[in-house]
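S.K.: Kindly return the folded structure for what I paste below:
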Amino acid sequence: MDRKRQLEEQVVQLSRQVDEMRVRLAALEGGSGDRASATTPRSRRDLLKLGGAAALGVAGAVGAAALGTVPAQAADGANLVIGNNNSTTNKAESPTILVDDNATNGFTAFPGGTSPLSGALRVHGGSDAPGGGNPTLASGVDAWASGATSYGVFGITDVGVGVTGESDQGIGLYARRSGRIRQEPRSPSGVPNYAANDFEQVRDANSSLWLSGPPALAWRQASSFQVFPGPRRVYGVGTVLAPGQSVTGIDATKKLDGTPSGVPAGATAAYCAISSYQTGVISLYPDGTIDNGIGAWASQGTAGNGVNQGYNFVPLSAAGKFSFTNYFTSKAMYFDVWGFLFN
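M.R.: Down below sits the predicted model:
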């Protein structure tokens, strides 16, 4: 803005000088009685030369300044200048919008076996050195947005695909640096209530992961089973329980000393070695639910003939806790966690 004001002031000053010369020329042609000096132009031609030089000075000053000035950044509503930083004047409230007419845009094919581009904006980025020797990233499109609620790239569609990444032989989508990927949960919980695509995955409101695939694009719930290198005791100090006695709120996520057992809250079941020095039956159920008499551990034999042990999946609450009820005989129970199941 200061540079523009300076140029305007120079033009005004030079224009004033030209006007003064016109007045002097008119006075001389009218027979002014002023005495001319030896250096004063004595003919109309000389005066015209002087006026022309001044006029050229005006045009020269403006032209030289224009030639020496870097193109200005585009303001809102103006054309964008290629190669310039337009970030300070072209604001987000006046975005550049390209509309695809779906008829005459054609396709742009790039080498490398990738699909041709047909979007409203097509960018052909650079490439790294042969063999990947260039440490600089070669990008087609770069975007930056700052803040926890910002999006570097945001793709929106009604019933299509929001963002697609394609690679001929490399990686289609890359969660770089943090490696984090987030999914919105779908409601209701359980089997997704819509037709699946090939090899699709979604999470429901309970954070359960659902995968689709053949045959017939059926949905199945993904699960993981982790086994520990050794047991971690979560219950059992030798307390003898009477028949019908219940023990509730056992935390499978913590060992007897209060340190983590390795079972996470939210696990579906804990894989436990359940032991007793006496025979009998117990029922197992998630903490906070009723004893339905299923998921039972049972042992047969003669009391005092050694340890009675079995391996069971013990159902857990969302907090990672379980309960059990002792039946038929008095006995002390012991629970050692060997792993967990996660759906």
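
S.K.: Count the neighbours of G288 for me.
M.R.: Burial of G288 is recorded as 13 neighbouring residues (other Cβ atoms under 10 Å). (Glycine included, C-beta is placed from N, CA and C.)

S.K.: Go ahead and confirm F228 touches W338.
M.R.: Yes: taking contacts as Cβ atoms under 8 Å, F228 lies within contact range of W338: 5.6 Å.

S.K.: now the helix or strand harbouring W219: mean pLDDT?
M.R.: Using DSSP states H and E, W219 sits in strand 218-221. Taken as a whole, strand 218-221 carries a mean pLDDT of 84.

S.K.: Pull up the pairing partners for that strand, direction included.
M.R.: The pairing partners recorded for strand 218-221 under DSSP bridges are strand 209-213 (antiparallel).

S.K.: May I see the buried residues of the partner strand?
M.R.: Using 16 or more other Cβ atoms under 10 Å as the burial criterion, the residues of strand 209-213 that qualify are L209, W210, S212.

S.K.: And stretch 183-201, by the same measure?
M.R.: Applying a neighbour-count criterion of 16+ other Cβ under 10 Å, one finds P192, A196 buried in stretch 183-201.

S.K.: End to end on that stretch, go ahead and measure it.
M.R.: From its first residue to its last, stretch 183-201 covers 10 Å (Cα to Cα, to the nearest Å).

S.K.: Then stretch 145-156?
M.R.: By Cα to Cα, the extent of stretch 145-156 from end to end equals 17 Å.

S.K.: What is the burial count for S276?
M.R.: 23.

S.K.: From here on, call the first residue 339.
M.R.: All set: I'll call the first residue 339, so the last point we hit is now S614.

S.K.: Kindly provide the distance from it to Y672.
M.R.: As judged by Cβ to Cβ, to the nearest Å, S614 and Y672 stand 7 Å apart.

S.K.: do W548 as well
M.R.: Distance of W548 to Y672, given as Cβ to Cβ: 37 Å.

S.K.: again with G658
M.R.: 19 Å.

S.K.: which SSE is V361 in?
M.R.: Per DSSP H and E: V361 is located in helix 340-367.

S.K.: heading toward the C-terminus, what's the first helix or strand past the helix or strand of the chain with the lowest mean pLDDT?
M.R.: Within the chain, no helix or strand scores below helix 382-405, which has a mean of 51 by mean pLDDT, DSSP states H and E. Using DSSP H and E, the helix or strand that follows helix 382-405 in sequence is strand 523-524.

S.K.: In terms of neighbours, single out the busier of G658 and Y672.
M.R.: Between G658 and Y672, counted using other Cβ under 10 Å, G658 has the larger neighbour count: 22 against 19.

S.K.: my read: the more buried one touches P598, true?
M.R.: No: applying Cβ under 8 Å as the test, G658 and P598 come out as separate, 10.3 Å apart.

S.K.: Quick one: neighbours of V501, just the number.
M.R.: What V501 shows, counting by other Cβ under 10 Å, is a neighbour count of 10.

S.K.: In space, what's closest to it - neighbours in sequence excluded?
M.R.: Spatial nearest neighbour of V501, excluding adjacent residues (Cβ to Cβ, 6 or more residues apart in numbering): G493 at 3.8 Å.

S.K.: May I have the phi/psi pair for the one you found?
M.R.: With angles defined as degrees, to the nearest 10, G493 sits at phi -110, psi 130.

S.K.: Touching, it and G500? I think so.
M.R.: Yes: the pair G493 / G500 is scored as a contact, 3.8 Å apart, by Cβ under 8 Å.

S.K.: And for stretch 478-489, what's in contact with it?
M.R.: With contacts defined as Cβ atoms under 8 Å, 6 or more residues apart in numbering, stretch 478-489 is touched by V461, H462, G463, G490, V491.

S.K.: possible to save the residues you listed as JSON lines with neighbour count, pLDDT and distance to V585?
M.R.: Listed next are the contacts of stretch 478-489 as JSON lines, based on neighbours: other Cβ atoms under 10 Å; pLDDT from 0 to 100; distance: Cβ to Cβ, whole Å:
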{"residue": "V461", "neighbour count": "11", "pLDDT": "73", "distance to V585": "65"}
{"residue": "H462", "neighbour count": "10", "pLDDT": "70", "distance to V585": "68"}
{"residue": "G463", "neighbour count": "11", "pLDDT": "69", "distance to V585": "64"}
{"residue": "G490", "neighbour count": "9", "pLDDT": "87", "distance to V585": "52"}
{"residue": "V491", "neighbour count": "11", "pLDDT": "87", "distance to V585": "53"}
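
S.K.: and these as TSV, adding distance to V529?
M.R.: Shown next, in TSV, are these (distance: Cβ to Cβ, whole Å):
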residue	distance to V529
V461	41
H462	44
G463	42
G490	34
V491	32
